[in-house]
Structures are given as structure tokens and as C-alpha cells.
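*Asks:* Sequence below, structure please.
(one chain, ligands or ions: 2)
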Amino acid sequence: MEEEDNIEGELLLVQAELHDIQGQIKELLDRQEQLSERESQLKSMLEVSKASRDTIHNEPSVAPKDWSGSFSWDSRADDIRFNVFGISSYRPNQREIINAIMSGRDVLVIMAAGGGKSLCYQLPAVLHDGITLVVSPLLSLIQDQVMGLAALGIPAYMLASITTKEVEKFVYKVLDKGEGELKILYVTPEKISKSKRFMSKLEKCHHAGRLSLIAIDEAHCCSQWGHDFRPDYKNLGILKVQFPNVPMIALTATATSKVQIDLIEMLHIPRCVKFVSTINRPNLFYKVFDKSPVGKVVIDDIANFISESYPNNESGIVYCFSRKECEQVAKELCERDILADYYHADMDVIAREKVHMRWSKSKLQVIVGTVAFGMGINKPDVRFVIHHSLSKSMETYYQESGRAGRDGLPSECVLYYRPGDVPRQSSMVFYENCGLQNLYDIVQYCQSKRSCRRGAFFRHFGEVAQDCNGMCDNCTSNIELKDIDATHHTKIIVSLLHDMQLNDQRATLLQLVDKFKAKWKESGCSNESVDLKKEGIEQLVVQLILNRVLKEEFQHTAYATNAYVALGPLWKPALQGNKPVKLSIAFHSQDRGSGSKRTKRNQMSNLEAKLGDLRRELSSSNGGIYPHAVLSTQQISLLNRQKPTTVAELEKLIGKVKTDKYGSAIIELMRLHVNSEVLGDQACAAKRQKKDKEEDVICVESSEGEDV
Ligand SMILES: Nc1ncnc2c1ncn2[C@@H]1O[C@H](COP(=O)(O)OP(=O)(O)OP(=O)(O)O)[C@@H](O)[C@H]1O
Ligand SMILES: [Mg+2]
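*Replies:* Ligands and ions are numbered 1, 2, ... in the order given. This is a model prediction of the structure:
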């Protein structure tokens, strides 16, 4: 009997150990599979990158050339840049790109959002005698560009579903016979792949030597590896085949080498000159705020942040996780006097476009959107992008936050983070290729309280780090951080999960945190210096998931996918205490968005506000073009500083075309302002004199009084 008990006892132990080993083998096999997948991904990326370098740099006819040297069109280009586009100087690479295009070369441009890609083909379009064809994926982008160019007096048209019959007739006549003024023609890619009529007219135009340049905007849409693949973009290769001697410029903000090599192949431009600009957006200030677990408090924080930092109706975007959340957040922001509306894929196109338009014309301060509010946002003066929940990857976050500050002026990118949001995202992305790893990269970005946010982007995109110049919270924060030794906390969490797993139980993040709190109390470890608040425990569990001590597991139900926390591949050393764990906790973690970390913003002057109103008036009286097409925010601050009161002075600041169009209204406003300042000064001086006199009198009186 006793012997049987012993045998049974040992059998249980052996079975438990076997179970344990099987679990470990499964973990290792899973990890092996993951690593093999990543290995082959990295290998193919390396091949692509090498191939790209070989194609582009070893091509004998692509002799390196100094594109920043002098060219015969220099002075004409400068004249057009300033007097037509109203741009006072080139941004990095713009001039070089224009020179390469003007020299007849095919060009591939990779430049961050808002870097100024449009000028790179629009300026050569004006410099050239003939017509420039631009392929762009979205109607809204095309409308924007055509309106903006028309406002600058550049004859630009589009052929799309909404083009009127008369305009279509006019465009075809110009292509066919060269009669009429047309410099830039925008089309969607479907026109190239589906309209034989259009292609034959284009052929005629080319035959007559009037097709001077082809531009493919948002060129990443060609590639299945890009984030916004459009099947019709695949057919654009026909353009180089049909018009081999017409220079082509392909432009995108997406930098991966896989996409680049795809583009070059698909567009048939193997000898193109490639210009790759940095991903750095030096004018963007990145910050992560602690997010309250209480929904209403988060909205209070966001509303306070907006109204305190942007009291002059400066434009912004708030990104949310779901459509329902978008509607809720927009409603609650409105209740707090923020002019906001929502935008998501469930709305019909007209309703969406209406919201977009009101926002583009600065009649609405904030758009609360899902990821559906993406490509097509051309507004340059977006001053803040707030993430109500974390994005699903660094790449997505870079793109979404990058919609701020496209005009180059200081802007803020704020992410509200709480570890409790992680399972919500992970249960959505876990089935995507590398979905979890991508998510964990941005979670690491959010959890970090020390390393430079900008540095995380450089690492992610494989670029050499540049100085942050104090443009992120971690580089400027004076919040004191305390490093807690969480090795013992970790042991308890792991042993809790181990016990649960033996009993076939599971725990969500929240359940695990509650169980930990109870166990911690029970174990008598409680001690002020090592006690963690609920948020701290959540942060620790997420950190352990990132460190692979724990992992997430998912289970489908009829309505949703639930995320559970389970033991990860490195749970054993953590249980044995062989894996020291440190957690950085902020001393004053109350900074949730209205606190001291805020960068001081310049208050808008009275004159800037008046100029802002004037540009809105001028935009509606000039066919409803966008206010920023009348005067950019940079130009407004220039006028505010220089205060021109004559046409000649104004022309020196904003160029001839804008002065001809809007000069009289601007000068009238400037003169009124300057006069009222002078009058104000005189009134002040008079008041001062009067006061001085009164003081004299008082002085006399008092002395008299004293005398008396
Ligand atoms: N050299 C410059 N100086 C000042 N402003 C400029 C200059 N070049 C472009 N801009 C302005 O910068 C803003 C963004 O330019 P643009 O729309 O060409 O960006 P982009 O690179 O195409 O960005 P995206 O990838 O988002 O489409 C516009 O308002 C444009 O007028
Ligand atoms: Mg663009």
C-alpha cells in the first residue's frame, strides 16, 4: 500500500515535470518558428536592399552628379519659386530634385510627409514648355492640388469622375491639338489603366512633343509591400513603355527598401536618381501622457490640453481606436466647448467629405477619426495630433502623428497611454504577420520614460540617430524617476500564473493584477518603498510581456477575441529570481496632459489673428480655396514681424502672384493696424503726459499741503 502511494506520488511528480517540459518544448518550437520567419524576412530585406544599391548605384550611366551645382534654369526657377509659389527658400533636396528632373533624368523621391514633394514636380511643370501629367490616388488630394494651383494662377486641371463635360472637352482639345492653356493635368490611376481614349490623346500630345514630365505621387501605392496598395497603380508601368523619353518622377513618404525596389521595377525606371531624405521631423514634439482608466477624465485631459495650448482654434486631429469611440469622444469634446466632429469608414462618402471640408477650411477645430482618416489629408497647419489610444505599430504612429506640422512649424504629437489598452490592440493584430511584434515595438516606445522618443523612430527605420534638440518629453522632462527592483514582484506574478496554468485557469491582464494585489498583501511583503499602484503593476506585467517572461494568448468567443496573460519562454529564470527586473516609476505621475511638461507656445498676436480672419474671408471670396492657399501660417507670422504697408514691401515677402491677387486687402489691413498702433502709441503718450502732469500737480499740491 505504502509502496503504491510512493509510486503514485513519484508518478504525479514525473507527470508534472513531463507536462512542464512539454510546455517548454512547445514554447521553444513556437519561438523557433518565429525566429525562422524573422530570419527569412531579414534575409530577403537584405537582398532587396543590396539589389537596390546595385541597380541604382552601379548602373554605368548613372554617374554621380552634383545636383546642387549651377544650372542654366537657376534664375528662372528662383523667380517661379518665389513669385509664383510664394516660397522664400528651398527645403533640403528640393532644389537638387528639380535640377535632376530638369536635366531629363528619372527620379525617385523619398521624403517625409510635409517635406515638400509637390513643389519638386510642380515647379519643373511651370518651368517646362509642355504639359506635366500627375497621377495621384485620391480625388480629394487632386481637388486640393488643382484648387491650390489655380489660386496661384497656374493652369491645372483634372480628369476624374467629377470632371464636367466642358472641362473634359477642353482638356482633350489641349492634348489633341495644343490649343488652350494647360500646364498640369491630374488623373487617377484608373484613367491610365481604363481609358483608351485618354491614352490615345496623351499619345498625340507626346507625339507633338508637348508631354514634358510624368509625376507619380504617393508612389508606394504601386507596391504590395506599401501600406496603401492600389491595384490600378500596378498598371502605371505602361507610361514609361509608351513614353520612354519623358522624364518620370515618383514620390513617396514610405521608405522601406522593399517598396523602393518594387517601385523602380514596376515603373520601369532602373536608372533613376534616388533622393532619400531623413525621416526626422524636427518641428514635431513627441510626448506620451499617462492615460486615466476613467474615460471621462481622459476627455477632460484632452479638452484641457486643447483649450489651454490651442485657444485660437488651431487645427488638430484626435485618433481613436474604434468608430464608436470616435463618435463618443467627438460628442464629449463638443460638450467641453471644443469644436469637434468625427470621421470614420461607417459614414457615407458625402458626410465624410463634409466634415473633412469644414476642418480643412478651419471651420472645425478637431477631427476625431479612426485610421480611415489617412491619406488625403493635405492640411499643412495641423498643430497637434493626439492619440486617444495607442497605434498598432511604430510605422502607423509615425504616419498618423506625421500629419501634424506639414508646414514645418512647431507642432505636437501626444499619445495617451495606459497598459490596459494593450490587450485591446493585441487581440486585433495578433493574427497579422508580425502584428504582435509591431505592436510591442510601439508599446515599448510608450512604456519608456527615459529614452528619446525620436531615437526610437531612428532605430525603427534604421537611420543614424540625430539630435532631438529637446523636442520630446523624455529629453526635456524634469520628472524624477525612481527605479524599483521588481524581481520579487515578478516572482509572485510568475508563480501565480504557474499555479493557475496547472489548474487549467487563465487570467486577463486586469484579473492578474487583482490576483497579484491580493497575493502581495497576503505575503506580507507590503512596504511603502516597494508597493506598486494598480497602474504600476499593469506596467510591470506589460514590461514582462515585452521581455518574454510572460506572453499573451488569445481565445475567440462568439463576439470577440479575448487576450490572456500566460507564462512566456523566460518564465523559469524569472521565477528563480535569476532575472533581475527593474521598473521606472515617476514620482509625480499625475501629469496627464495639463501639467508642467507642456512646451510654451507663442500666443497669437492681435495682428496674426486679424490676418487669419482675412485669409478665411479671402478664401471664401476666391472660389472656396483653402485658407492656407491664400497665406501660409509662416507667411502670416512673417507679415506680423515685418508689417509691410506698400505693394513693393509686400511683394518682397510673399511674391508677385499673391500680392497681385490679395495685396490690396492685406495692405489695407496692415495700414489700419499700423495706424491704430500709431494712434494707440500717441494716445498712450498723451495719457502718460497727462498722468505726468497730474503727478506734477499732486506733487505740487502735496508740497503745498506740506507747506501748509
Ligand atoms: N521650401 C518650402 N518652404 C516653405 N514651405 C514649403 C516649402 N516647400 C513646401 N512647402 C509647404 O509645405 C507644405 C507641405 O508640402 P507638400 O504638400 O508638398 O508635402 P508632401 O511632401 O507632399 O507631404 P505628404 O507626404 O504629406 O503628401 C505645403 O504647405 C507647402 O506649401
Ligand atoms: Mg504630397
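*Asks:* only C-alpha atoms for contact and neighbour calcs from this point on.
*Replies:* Noted.
*Asks:* Average pLDDT for stretch 252-267, rounded please.
*Replies:* Computed over stretch 252-267, the mean pLDDT rounds to 84.
*Asks:* and that stretch, how far out from the chain's middle?
*Replies:* Stretch 252-267 has its average C-alpha position 20 Å from the chain's average C-alpha position, going by CA atoms, centre = their mean, to the nearest Å.
*Asks:* Up against ligand 1, what does this structure have?
*Replies:* Selection of the chain residues close to ligand 1 by CA under 6 Å from any ligand atom yields 87, 89-91, 112-119, 253, 380, 406-407.
*Asks:* try 5 Å
*Replies:* Residues of the chain that fall close to ligand 1, judged by CA under 5 Å from any ligand atom: 90-91, 113-118, 380, 406-407.
*Asks:* Can you tell me which of those residues is nearest Leu11?
*Replies:* Ala113 (64.3 Å; CA to CA).
*Asks:* Doesn't that closest one belong to a helix?
*Replies:* No. Counting by DSSP: H, G, I helix; E, B strand; the rest coil, Ala113 is not found in a helix; it is coil.
*Asks:* what are the phi and psi values for it?
*Replies:* Ala113 adopts backbone torsions of phi -50, psi 130, taken as degrees, to the nearest 10.
*Asks:* how much space between it and Gln94?
*Replies:* Using CA to CA, to the nearest Å, Ala113 is found at 14 Å from Gln94.
*Asks:* Check Arg406 too.
*Replies:* Taken as CA to CA, the span from Arg406 to Gln94 is 15 Å.
*Asks:* what sits against the closest residue to ligand 1 within the stretch 401-550 of the chain?
*Replies:* Residue of the stretch 401-550 of the chain nearest ligand 1, by CA to the nearest ligand atom: Asp407 (4.3 Å). Shown in contact with Asp407 (CA atoms under 8 Å, 6 or more residues apart in numbering): 114, 380-381, 632-634.
*Asks:* what pLDDT does it get?
*Replies:* Note on Asp407: pLDDT of 91.
*Asks:* Turn the residues of the chain next to ligand 1 into TSV, including distance to Asn83 and secondary structure.
*Replies:* Below are these laid out as TSV (distance: CA to CA, whole Å; DSSP: H, G, I helix; E, B strand; the rest coil):
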residue	distance to Asn83	secondary structure
Tyr90	13	coil
Arg91	17	coil
Ala113	25	coil
Gly114	21	coil
Gly115	20	coil
Gly116	17	coil
Lys117	19	helix
Ser118	17	helix
Pro380	20	coil
Arg406	22	coil
Asp407	19	coil
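*Asks:* Would you mind listing which of the residues you listed are buried?
*Replies:* 113-117, 380, 406-407 (16 or more other CA atoms under 10 Å).
*Asks:* OK, contacts around the residue minimising distance to the centre of the chain?
*Replies:* With distances taken as CA atoms, centre = their mean, the residue of the chain nearest its centroid is Gly402 (1.9 Å). By CA under 8 Å, 6+ apart, the contact set of Gly402 is 113, 281.
*Asks:* Give me the distance between it and Phe289.
*Replies:* In terms of CA to CA, Gly402 sits 18 Å off from Phe289.
*Asks:* what about stretch 614-625, average pLDDT?
*Replies:* For stretch 614-625, the per-residue pLDDT averages 85.
*Asks:* quick one: contacts of that stretch?
*Replies:* Outside stretch 614-625, the residues that touch it by CA under 8 Å, 6+ apart are 147-148, 151, 361, 626-631, 662, 666.
*Asks:* Widest-spaced pair of these?
*Replies:* Met147 and Ile666 (21.0 Å).
*Asks:* Touching, Pro423 and Ala563? I think so.
*Replies:* Yes. Between Pro423 and Ala563 there is a contact under CA atoms under 8 Å: 5.7 Å.
*Asks:* Which parts of the protein belong to which domain?
*Replies:* 1-47, 90-276, 284-476, 482-524+531-586, 606-686 (the TED database).
*Asks:* Quick check: end-to-end length of the second one?
*Replies:* Start-to-end span of domain 90-276 (CA to CA) is 16 Å.
*Asks:* what's the offset of it from the middle of its chain?
*Replies:* Computed by CA atoms, centre = their mean, the chain-centroid distance of domain 90-276 equals 24 Å.
*Asks:* Ok, the first one next?
*Replies:* If you compare the mean C-alpha spot of domain 1-47 with that of the full chain, they lie 42 Å apart, counting by CA atoms, centre = their mean.
*Asks:* Now it: average pLDDT?
*Replies:* Average pLDDT, domain 1-47: 76.
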